[in-house]
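Q: here is my input; please provide its structure:
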Amino acid sequence: MSVDMTYASESAAGKTMTSMSKFLMLMAGILALSIMLRTVLGTTPDVSWLIDMCARMLDGEIAYVDIFETTPPVPVLLYMPGAFAEQITGIGAEIFVYGYFYGVYLACLWLFWRILPSSIQGIGDVRFGIILPVAIFLFLLSHDSVAQRETMAAALVLPMLGVLMVYGEKGVWAGPGLRFWSAVLAGLAAAVKPPLFALPILLLGVWLLWRERSLRPLWSSGLILSGVVAVVVTVLSLAAYPEYLDGVTQLMRDIYVPTRAMNAVGWGVFPETVLALFRTHASLPLIMIVAIFLFSPRIEKKIRLWPAYQLLVLLSAGYIFVFLLQGKFFGYHIVPAVMFAFAGLWALVHHQLETGDRKTTLRRAAPILLLVIMAGANFVKLDDRRQALSDFAWAQNLDNPTAIAMSPDISIGFPLARQVNAKWIDRIHSQWAVYYSHVSKQRFDEDSEKWQIYQRYYQSELARTIALIEQQQPELIFQCIAETCQWLNEAFLARSPHLLDNYREVTRQGLTAVWQRQSAP
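A: Alright, predicted model coming up:
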């Protein structure tokens, strides 16, 4: 009998090691494939611009004075280590940025793994039921958004999610050290885009209050510490860059926030336009959340989901709300919501396969089919579809040229400017203030105060950009030539008909025309 028991134990241990080997091999394969994808997908415009902004700050320019950016200091400084490493080594900052973003994601996944038990009710083996889908999403399905702030915030929330999952199922807290670091990381996640990214963390607190009817768990979980960390980091960053609260906030108040708010109202914040959600990227996590409610296992056949599913749905819903509140509807803004919904959908499929649930074919097949469809749709929808330049023959003889954009969109100038080692002379990446003013003023009568404000910004920003081109005469001008940009090109030439007289068009690819100065200024 003892021999049989020993053999059984060794056999179980062998199976565990085999399972672990498979898991680690899958993780290694995900990382390798992700690294290969980076060479194909390149760097997103936002990441490229913020790296350039950090490089200019290191060269002595003043953030929010010489460089105008609506993003608060904390998310900008995420890219400072990469810019600093580039100055020291001469190697492109993008390599360092992707490197330490990968490092942070792996650290968060490792901490998440450390916190979770080996199995969770309603899901099963956490390695394949939770950790694997999150890793697949972070490194692969996030498309080219791997180094976006939103993806970083989603990863930083994972350890706190693990703490609450354990408590929700077992009623016990993870060790104090694990809770401390989870709280710190969750606080940093909120600080990545304050105050918007604080909302999903607040929802976790609401969930805990609803469950326990007591304030004490908020302290025990570390959520209060998370709030303190978020506030302290945000305040310190604003103290270090007080200029953000000067000129930028005025522009934000007059142009940026009202325009985004009007977008949000028109796209589904109010009940009468809720169907418009499906015209945005929010349709992906919404469909997955509905599937989780329809197909996931219940607690004692009641409506209530298992705690793990509750938390995943809650976080996804919170980030959907943040997505709508911003009124931008860019693909990468929905990344956190999709990640948590995707993990929940994967978890219920894993549970069905692991337990051998023999319910109706439809109940088994539907979530599996939906998971595959959503994975593909997510990868496609998160593609910003920008038409990057492929022919750089025109740039071969350039030596750190100066550059500016004539475009309402960031993707015309970046990452193109960094690809040709151009020195950006404008304080902003595009004429987004002109664009916002142009769009917003059409919603008001010409004699209204709002129209007057938008018109003033429209005229002043156009005049400022024209004066910059005429005075500094940059060597390159990147111009948007899409149909949707013609109004801006016409506005430039209407105010200054000879603006491009000293330039010749050297290439025209996709949505971009590149103009090069013909002679010295």
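
Q: using CSV, list the CA coordinates for the strand or helix carrying residue 457.
A: Secondary structure from DSSP states H and E places residue 457 in helix 449-472. Taking C-alpha atoms only, helix 449-472 is exported to CSV below (Å, rounded to 0.1, in the frame of the first residue of the first chain):
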residue,chain,number,x,y,z
GLU,A,449,-20.4,83.3,-26.3
LYS,A,450,-19.3,79.6,-26.9
TRP,A,451,-18.9,80.2,-30.6
GLN,A,452,-16.8,83.3,-29.9
ILE,A,453,-14.4,81.3,-27.6
TYR,A,454,-13.9,78.5,-30.2
GLN,A,455,-13.5,81.0,-33.0
ARG,A,456,-10.8,82.9,-31.0
TYR,A,457,-8.8,79.7,-30.4
TYR,A,458,-9.3,78.6,-34.0
GLN,A,459,-7.9,81.9,-35.4
SER,A,460,-5.1,82.2,-32.9
GLU,A,461,-3.8,78.7,-33.3
LEU,A,462,-3.8,78.9,-37.0
ALA,A,463,-1.9,82.3,-36.8
ARG,A,464,0.6,80.9,-34.3
THR,A,465,1.4,77.8,-36.5
ILE,A,466,1.8,79.9,-39.7
ALA,A,467,4.1,82.4,-37.9
LEU,A,468,6.2,79.5,-36.6
ILE,A,469,6.6,78.0,-40.2
GLU,A,470,7.3,81.4,-41.7
GLN,A,471,9.9,82.4,-39.0
GLN,A,472,11.7,79.2,-38.4
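
Q: for it, buried residues please.
A: Within helix 449-472, the residues that count as buried by 16 or more other C-beta atoms under 10 Å are 451, 453-455, 457-458, 461-462, 465-466, 469. For glycine as for every other residue, the C-beta is placed from the backbone atoms N, C-alpha and C.

Q: try stretch 255-262
A: 255-256, 258-260.

Q: same check, this time on stretch 234-250
A: For stretch 234-250, the neighbour count (16+ other C-beta under 10 Å) marks 234, 237-238, 241, 243-244, 248 as buried.

Q: quick check: mean pLDDT across that stretch?
A: Across stretch 234-250, the average pLDDT comes to 87.

Q: follow-up on the earlier one: and the helix holding residue 457, what does it pack onto?
A: If contacts are counted by 3 or more C-beta pairs under 8 Å, 6 or more residues apart in numbering; DSSP states H and E, helix 449-472 sits against strand 402-406, helix 432-441, helix 486-495.

Q: same thing but at 10 Å, please
A: Using 3 or more C-beta pairs under 10 Å, 6 or more residues apart in numbering; DSSP states H and E, the elements in contact with helix 449-472 are helix 257-264, strand 402-406, helix 432-441, helix 486-495.

Q: most packed of the ones you listed?
A: strand 402-406 (a mean of 24; mean count of other C-beta atoms under 10 Å).

Q: now do that strand against helix 449-472, angle only.
A: Interaxial angle of strand 402-406 relative to helix 449-472 (axes from the mean of the first three to the mean of the last three C-alpha atoms, to 10 degrees): 150 degrees.

Q: by contact count, what packs against strand 402-406?
A: Strand 402-406 sits against helix 416-419, strand 423-424, helix 449-472, strand 476-480, helix 486-495, strand 512-517, with contacts defined as 3+ C-beta pairs under 10 Å, 6+ apart.

Q: partners of that strand in the sheet?
A: The pairing partners recorded for strand 402-406 under DSSP bridges are strand 423-424 (parallel), strand 476-480 (parallel).

Q: about what we covered before: JSON lines for the helices and strands packed on helix 449-472, including mean pLDDT and distance to residue 291?
A: Output for the helices and strands packed on helix 449-472, formatted as JSON lines (pLDDT from 0 to 100; distance: least, C-beta to C-beta, whole Å):
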{"stretch": "helix 257-264", "mean pLDDT": "72", "distance to residue 291": "26"}
{"stretch": "strand 402-406", "mean pLDDT": "97", "distance to residue 291": "42"}
{"stretch": "helix 432-441", "mean pLDDT": "90", "distance to residue 291": "36"}
{"stretch": "helix 486-495", "mean pLDDT": "95", "distance to residue 291": "42"}
